[in-house]
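> After the sequence you'll find the predicted model.
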Amino acid sequence: MFGSPRGLLGLTFLLISVSCLAQSPASPASAAAVPAQPPDVLGEARVLYHKGDFEGAIAKYQAFLHDHPKSPDAFAGMVRVYLKQKNVDLAAQTADQGLALDDAPRLRVARAEVWFRQGRINEAETEWVKIINSGFPEARAYLGLARVRDAIAMYKTARMMLDKAHQLDPSDPDIQEEWVSTFPRAERIKYLETSLAGENNWDPNERASVASYLEYLKERAKQKNSSPCRLVSKVTATETPLVRLLSDPQDLRGYGLAVYLNGHKSSLMLDTGASGLLVKRSIAEHAGISRITETKVWGVGSKGRRNAYVGIADSIKIGDLEFQNCPVEVMESRSVADEDGLIGSDVLESFLVELDFPNEKLKLSQLPPRPGETAKHLALQSGDDDSDDDSSSSNSANTGPKAPAPSSGPQDRYIAPQMQSYTRIFRFAHDLLIPTSIGQTSPKLFLLDTGALSNAISPAAAREVTKVHGDSDTIVKGISGRVDQVFTANKAVLQFGHLRQENQEMLAFDTKPLSDSAGTEISGFLGFTTLRVLDIKIDYRDALIDFQYDTKRFGR
């Protein structure tokens, strides 16, 4: 473990030589025998990056470039520091500057990381594949491919790519964090405890989120019933009415679901842009949901992270479905963005989820089984896997990769024959990102968001096709309060799925915080006023969506 006999003998000889040199005046011959080692500036820069000293890392990389102006390692290192600092424009400029001097594979890998963050996912994937196929086994290229495969529901392949990245460079903190996320609960707890006690490159918000998540995992493990949320109803298909949510007697602002928390009924907005269940404090208190750990929640708005806590509901009923032992987030406020609460459609991801807005119904049915697949256990998804079962993981922190049992562990996307016409999308956690063309531009990624009243676009994306001007009269609010700066974009034509919609005006505001959180560019939102005339089928398992528009009912 600590080296071969030859390595130990070499070390002993070196120590003896140094000792002799210290006891007698150095002769020119002896001084030449032990040359001074040049400083490992690149290594020092990487250490500073790992510790979160980004300014120090940049200074080291710049110093190295002063003496080695074409160094691809230095340019690639700087690109990653700027990405970690969430300065995407400077990361892109640095990558282009370096590639103009040396078209090295390592730097091309870093540039593809910039493309991925810019939402140019297909281009990034193509570049990483080219580099690996050309004979350069770059660990970060495998990490990038793992992220792409995960976003398109190719989970088994993503795990293989991640294992390969870890095999090539287990010390890379970004690779290590993603690799550890595949561990069962007990091992994740150990890793997070060690990471929080030591040095890392998390910003204050990331560190707070990790600390909150760790506390949740530990408290969950202490509970007598520490099993994950599960479905107890013997139901494989059901439908339930959607509840109209009105902003005034005439205007519909969205649809909700009747949700029974521990037997107490609430109408929660059905929000494809949200995750899990989030309710206001009075509803949780009425339902007897006590806190187990503090947390923070955030979303659209300029007020940042809001105080909340996590509790466990003994029972959650939605239509004919009942789930038990499920986490619920509770905001320490009188409302959740002016609602009693939100239910993300991702909580039902074990089913084929149909949002039949024209007929005001939620329909759930079984997903098409993969070839050779047996019946699966259905659960209400809570956004965090708090299970101590490693059956879904092919890794172990101590023993390395383990071969998964047949049909167990992560599986790749399966597109059933009846789903060949569905739109292939990108899924980032609960976010469903739809490739959307704005006029004649290349597709951008828009968030499917039934919780947003209208379509919206980022000012940067809008300026590629139209004019943008300030709009001080319009108020946009989300979980994190009001948006500080709101704009209006002139006419824009959106094309997504098999549909095309002309917008005379669109709201525009900065989407960078959401993009930074997702890890890729979110250029806009497909909101309720567009989605309400559609019958939408969502296959979360395989990252597929079908949009149906009834032309006979609504016209062209």
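Arrived safely. Numbering: from 1, shown residues only.

> tell me the domain boundaries of the chain?
With domains defined by automatic domain parsing, the chain comprises 8-35, 38-136, 231-365, 417-554.

> Can you give me every residue that contacts Q176?
Listed by C-beta atoms under 8 Å, 6 or more residues apart in numbering, the contact set of Q176 reads 166, 170. Where C-beta positions appear, they are placed from N, C-alpha and C, glycine not excepted.

> in what helix or strand does it lie?
Using DSSP states H and E, Q176 sits within helix 173-180.

> Alpha carbons of stretch 444-451, in CSV - could you do that?
The C-alpha trace of stretch 444-451 is given here as CSV (Å, rounded to 0.1, in the frame of the first residue of the first chain):
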residue,chain,number,x,y,z
LYS,A,444,-32.3,27.1,-26.5
LEU,A,445,-33.5,25.2,-23.4
PHE,A,446,-36.8,26.4,-21.9
LEU,A,447,-38.1,25.1,-18.6
LEU,A,448,-41.6,23.5,-18.6
ASP,A,449,-43.2,25.5,-15.8
THR,A,450,-47.0,25.2,-15.2
GLY,A,451,-46.4,27.3,-12.1
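
> average pLDDT across it?
Taken as a whole, stretch 444-451 carries a mean pLDDT of 96.

> Can you give the contact residues for it?
Stretch 444-451 is contacted by residues 119, 121, 254-255, 269-274, 337, 342, 345, 355, 425-426, 431-438, 461, 494, 496, 514, 520-528, 531, 536, 545 when judged by C-beta under 8 Å, 6+ apart.

> what comes up buried for stretch 273-290?
Under the neighbour-count criterion of 16 or more other C-beta atoms under 10 Å, stretch 273-290 has 273-281, 283-284, 287, 289 buried.

> mean confidence for that stretch?
93.

> Can you give me the first-to-last residue distance of it?
26 Å (C-alpha to C-alpha, to the nearest Å).

> and if you look at stretch 297-311?
Stretch 297-311 end-to-end distance (C-alpha to C-alpha) = 14 Å.

> The residue nearest to T238 when sequence neighbours are not counted: neighbouring residues, count only.
Closest residue to T238 apart from its sequence neighbours, by C-beta to C-beta, 6 or more residues apart in numbering: D320 at 4.3 Å. By other C-beta atoms under 10 Å, 13 other residues sit near D320.

> which residues touch D320?
D320 makes contact with 233, 235, 238, 240, according to C-beta under 8 Å, 6+ apart.

> Quick one: residues contacting the second one.
Contacts of V235 were listed using C-beta under 8 Å, 6+ apart, and they are 320-321.

> Over to it: give its phi and psi.
Backbone torsions for V235, taken as degrees, to the nearest 10, come to phi -130, psi 130.

> confidence score at it?
For V235, the model assigns a pLDDT of 85.

> quick one on the thing from earlier: of the contacts of stretch 444-451, which belong to helices?
The members of these that map onto helices under DSSP state H are 121, 461, 514, 528, 531.

> Give the rounded mean pLDDT of the helix or strand A92 falls within.
A92 belongs to helix 88-99 when assigned by DSSP H and E. With pLDDT averaged residue by residue, helix 88-99 scores 98.

> For it, name the packing helices and strands.
Packing partners of helix 88-99 (3 or more C-beta pairs under 8 Å, 6 or more residues apart in numbering; DSSP states H and E): helix 72-84, helix 105-117.

> Include distance to N133 and mean pLDDT when you put the ones you listed into JSON lines, please.
Shown next, in JSON lines, are the helices and strands packed on helix 88-99 (distance: least, C-beta to C-beta, whole Å; pLDDT from 0 to 100):
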{"stretch": "helix 72-84", "distance to N133": "19", "mean pLDDT": "97"}
{"stretch": "helix 105-117", "distance to N133": "11", "mean pLDDT": "98"}
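
> got any ranges where the stretch 151-300 of the chain has weak pLDDT?
The model of the stretch 151-300 of the chain has pLDDT under 70 over residues 224-227.

> Which stretches in it count as strands?
Using DSSP state E, counting those that start in this stretch, the strands found in the stretch 151-300 of the chain span residues 230-231, 238-241, 243-246, 252-261, 264-271, 277-280, 291-297.

> With respect to burial, which of the ones you listed scores highest?
Stretch with highest mean neighbour count among the strands of the stretch 151-300 of the chain: strand 277-280 (a mean of 24; mean count of other C-beta atoms under 10 Å).

> can you list contacts of that one?
Under C-beta under 8 Å, 6+ apart, the answer for strand 277-280 is 259, 261, 266, 268, 297, 308, 313, 316, 326-331, 333-336, 339-344, 347, 382, 479.

> which among those residues end up buried?
Among those, those classed as buried by 16+ other C-beta under 10 Å are 259, 261, 266, 268, 297, 308, 313, 316, 326-331, 336, 339-344, 347, 382, 479.

> Which among the domains of the chain is found nearest to S195?
domain 38-136 (11.1 Å; C-beta to C-beta).

> Bridged to the nearest residue to S421 once chain neighbours are set aside, which residues?
Spatial nearest neighbour of S421, excluding adjacent residues (C-beta to C-beta, 6+ apart): D546 at 7.0 Å. Listed beta-bridge partners, D546: K537 (assigned using DSSP bridges).

> per-residue confidence averaged over stretch 56-67?
For stretch 56-67, the mean pLDDT works out to 96.

> buried ones in it?
For stretch 56-67, a neighbour-count test (16+ other C-beta under 10 Å) marks 56-58, 60-61, 64-65 as buried.

> again with stretch 465-481
465-466, 468, 471, 476, 478-481.

> what's the closest of these to V41?
Checking the buried residues of stretch 465-481 against V41 by C-beta to C-beta gives S480 as the nearest, at 40.9 Å.

> which residues touch that closest one?
298-306.

> So what sits opposite the nearest residue to Y309 once chain neighbours are set aside in the bridge?
Spatial nearest neighbour of Y309, excluding adjacent residues (C-beta to C-beta, 6+ apart): R291 at 3.9 Å. Per DSSP bridges, the residues bridged to R291 are G311.

> tell me the contacts of R291?
309-311, 330.

> now with 7 Å?
Applying C-beta atoms under 7 Å, 6 or more residues apart in numbering, we find R291 in contact with 309-311.

> what's the burial count for the closest residue to T295 other than its chain neighbours?
Using C-beta to C-beta, 6+ apart and skipping the chain neighbours, the partner closest in space to T295 is S212 (4.5 Å). Neighbour count for S212, taken as other C-beta under 10 Å: 17.

> now the one 3 residues further on
The local packing of E215 (other C-beta under 10 Å) involves 17 other residues.

> re the thing from before, mind checking how far the helix holding Q176 is from the chain centre?
Here helix 173-180 shows a centroid-to-chain-centroid distance of 14 Å under the convention C-alpha atoms, centre = their mean, to the nearest Å.

> and the angle for it with helix 72-84?
60 degrees (axes from the mean of the first three to the mean of the last three C-alpha atoms, to 10 degrees).

> Can you give me the buried ones in helix 173-180?
Neighbour-count burial for helix 173-180 flags 173-180 (criterion: 16+ other C-beta under 10 Å).

> Which of the residues you listed sits closest to N490?
D174 (39.9 Å).

> Who are the contact partners of the closest one?
Applying C-beta under 7 Å, 6+ apart to D174 gives the contacts L143.

> And F351, by the same measure?
364-367.

> Kindly report the same for R188.
Residues in contact with R188 (C-beta under 7 Å, 6+ apart) are 180, 217.

> What distance do you get for it to V210?
Distance, R188 to V210, using C-beta to C-beta, to the nearest Å: 11 Å.

> Give me the distance between the residue nearest to S247 when sequence neighbours are not counted and S480.
Ranked by C-beta to C-beta, 6+ apart and with sequence neighbours excluded, the top spatial neighbour of S247 is R253, at 4.1 Å. Noted for R253: a distance of 19 Å to S480, by C-beta to C-beta.

> cool, E521 as well?
In terms of C-beta to C-beta, E521 sits 19 Å off from S480.
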